[in-house]
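Chemist: Below is the structure, and that's it, no one-letter string:
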């Protein structure tokens with residue numbers, strides 16, 4: 001009997017799609033029919049089919065609104081049905097598909113021409129996910145026979161930048177980003193926007209989805225995407241605030257890094273009291289002024305301004321940064337910066353959508369009217385409504401963190417550590433990281449130390465486990481131990497993702513236990529870290545980290561614990 005391939009387009013009917021797939025599997029089992037089924041939902045593709053499966057031929061059963069020109073199904077006999085028909089009688093649908101005569105063109109049709117794809121990848125820190133997603137897209141396109149060019153918007157700016165000619169010749173544009181990306185270059189092109197996660201997990205499925213589902217991007221001020229994706233609306237709403245916050249964090253990080261390192265260097269040159277007036281004029285004093293009085297003063301405005309920019313584009317920057325300055329001046333700190341950023345962004349965006357002006361003055365809107373109204377709204381709300389309560393909340397949080405000792409410090413370290421290892425660069429990990437980096441602006445440095453130690457532990461623990469328990473890992477995993485360890489030393493938690501993807505129920509708990517231990521030891525030892533990134537390579541910098549010996553102990557113990565738990569939980573391979 002011919003192999004049967006099924007594509008179910010469930011869209012927002014996820015449960016119905018899964019039930020239909022199970023019904024078809026049961027019907028196929030009764031008929032001893034080989035079957036492979038993929039289900040496309042608003043959240044992604046379950047069990048995606050690839051060309052290597054379908055190349056030998058067979059029957060393609062298309063359920064729902066699928067792409068009739070799907071390159072993976074070239075040369076297959078095609079049968080069409082609806083999701084409701086499958087749910088009503090899966091056996092009858094299967095029988096009709098197996099008995100359907102092949103279309104006349106099926107015997108002679110060949111695979112469609114290779115598609116031209118351009119892509120952009122970006123993540124909040126611009127280090128790990130950015131380049132992992134780019135590599136996954138490049139490898140997937142090559143495997144599927146398409147040509148692709150990927151622009152990475154990383155920590156050092158754009159690399160492999162797309163030219164106007166690249167974009168003009170592209171059949172589809174794929175944006176895999178966890179932060180705001182400027183889409184103005186792609187007006188009139190078919191565009192699909194996702195996070196970096198689908199690209200890293202299954203690049204081939206993502207490219208196939210882009211070729212199938214990408215929508216035409218209208219010029220600025222137009223109606224948005226053609227036939228705006230209703231099935232994706234809920235996912236977009238969930239991802240929106242998170243993406244806006246991560247955009248703000250990504251622009252805030254360089255100010256923290258530069259300021260923190262300059263402060264550490266000033267202490268190395270002039271001691272911990274170098275900031276006092278009697279040291280005025282010395283190099284250490286001036287470095288402290290640059291780091292603490294200039295760079296650190298811009299942390300909260302940058303966070304707030306770029307949250308607003310992510311929501312309202314350029315008209316939101318001024319209201320957001322001014323709101324951030326107000327938050328700093330009234331003592332609301334990074335919490336106030338987050339609040340003012342969202343007020344400025346959503347407020348300016350609301351004015352932009354609802355304020356209708358004569359076309360003769362429309363040009364004043366982005367440079368005068370929207371910044372003015374957004375600043376008025378944000379400033380007045382920060383001063384009279386939300387600023388003071390947020391400042392009190394930050395003051396309470398600061399006092400609580402400064403007074404943490406014993407059990408409370410252990411609990412916070414355990415929590416932050418487990419969060420860093422839970423999804424390794426995902427929303428939970430970024431929540432812990434954002435909490436720690438935000439507190440740097442309030443001169444609270446212990447959570448940052450705990451977070452970085454916990455973030456380094458998963459890759460280091462896995463690298464060590466491959467050496468201690470080689471029979472628990474595949475050949476590929478054992479060979480990658482060196483690269484995984486280097487990623488861990490660099491504070492790139494994502495180095496553990498390939499291992500977790502293969503065995504999540506054992507690897508993730510082991511990582512969480514080791515990271516929790518590392519975070520707890522760091523907090524109990526009151527280790528302070530003044531920079532938000534860099535891994536072990538910032539440790540030799542004078543005064544960048546306090547209690548260096550205990551910090552190394554925390555990292556080492558967490559790594560060993562993680563490796564031992566991995567050896568205990570993972571089963572032998574083969």
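Modeler: Received, thanks. Bear in mind the structure is a predicted one, so any value in this text is a computation, not a measurement.
Chemist: alpha carbons only for contacts and neighbour counts from here, please
Modeler: OK.
Chemist: and residue 191, backbone torsions?
Modeler: phi -130, psi 140 (degrees, to the nearest 10).
Chemist: Please give the number of neighbouring residues around it.
Modeler: Residue 191 has 23 neighbours, counted by other Cα atoms under 10 Å.
Chemist: Show the pLDDT at it.
Modeler: Predicted confidence (pLDDT) for residue 191: 90.
Chemist: And for residue 557?
Modeler: Confidence score, pLDDT, at residue 557: 96.
Chemist: Residue 102 too?
Modeler: Value for residue 102, per-residue pLDDT: 51.
Chemist: same thing with residue 460?
Modeler: 95.
Chemist: Pretty sure it sits against residue 489.
Modeler: Yes: with contact defined as Cα atoms under 8 Å, residue 460 reaches residue 489; the gap is 7.2 Å.
Chemist: Tell me the buried residues in the helix or strand of the chain with the lowest mean pLDDT?
Modeler: Ranking every helix and strand in the chain by mean pLDDT, DSSP states H and E puts helix 233-270 at the bottom, with a mean of 74. For helix 233-270, burial by neighbour count (16 or more other Cα atoms under 10 Å) applies to 240, 242-270.
Chemist: returning to that earlier point: settle it for me: which of residue 460 and residue 489 has more neighbours?
Modeler: Taking neighbours as other Cα under 10 Å, residue 460 and residue 489 compare with residue 460 leading, 30 against 21.
Chemist: I'd like the distance between the more buried one and residue 490.
Modeler: 10 Å (Cα to Cα, to the nearest Å).
Chemist: Check the offset of stretch 520-527 from the chain's centre.
Modeler: 28 Å (Cα atoms, centre = their mean, to the nearest Å).
Chemist: Tell me how the chain divides into domains.
Modeler: 4-107, 116-228, 234-402, 407-569 (automatic domain parsing).
Chemist: Return the most buried member of the ones you listed.
Modeler: domain 407-569 (a mean of 23; mean count of other Cα atoms under 10 Å).
Chemist: any idea which helix or strand carries residue 394?
Modeler: Assigned by DSSP states H and E, residue 394 falls within helix 387-402.
Chemist: which secondary structure elements does that helix contact?
Modeler: helix 333-354 (3 or more Cα pairs under 8 Å, 6 or more residues apart in numbering; DSSP states H and E).
Chemist: Can you tell me what sits against the helix it packs on?
Modeler: 245, 300-301, 303-312, 315-316, 319-321, 323-324, 327-328, 365, 370-371, 373-375, 377-378, 382, 387, 390-391, 394, 438-439, 441-442 (Cα atoms under 8 Å, 6 or more residues apart in numbering).
Chemist: Likewise for stretch 508-519?
Modeler: Outside stretch 508-519, the residues touching it (Cα under 8 Å, 6+ apart) are 410, 413-423, 449-451, 453-455, 457-458, 461, 500, 554-563, 565-566, 569.
Chemist: again with stretch 136-154
Modeler: Against stretch 136-154 from outside (Cα under 8 Å, 6+ apart): 51, 114-123, 125-127, 130-131, 134, 158-162, 199-200, 202-204, 207.
Chemist: quick one: which of these sit in strands?
Modeler: Secondary structure assignment by DSSP state E places 116, 117, 118, 119, 120, 121, 122, 158, 159 of those in strands.
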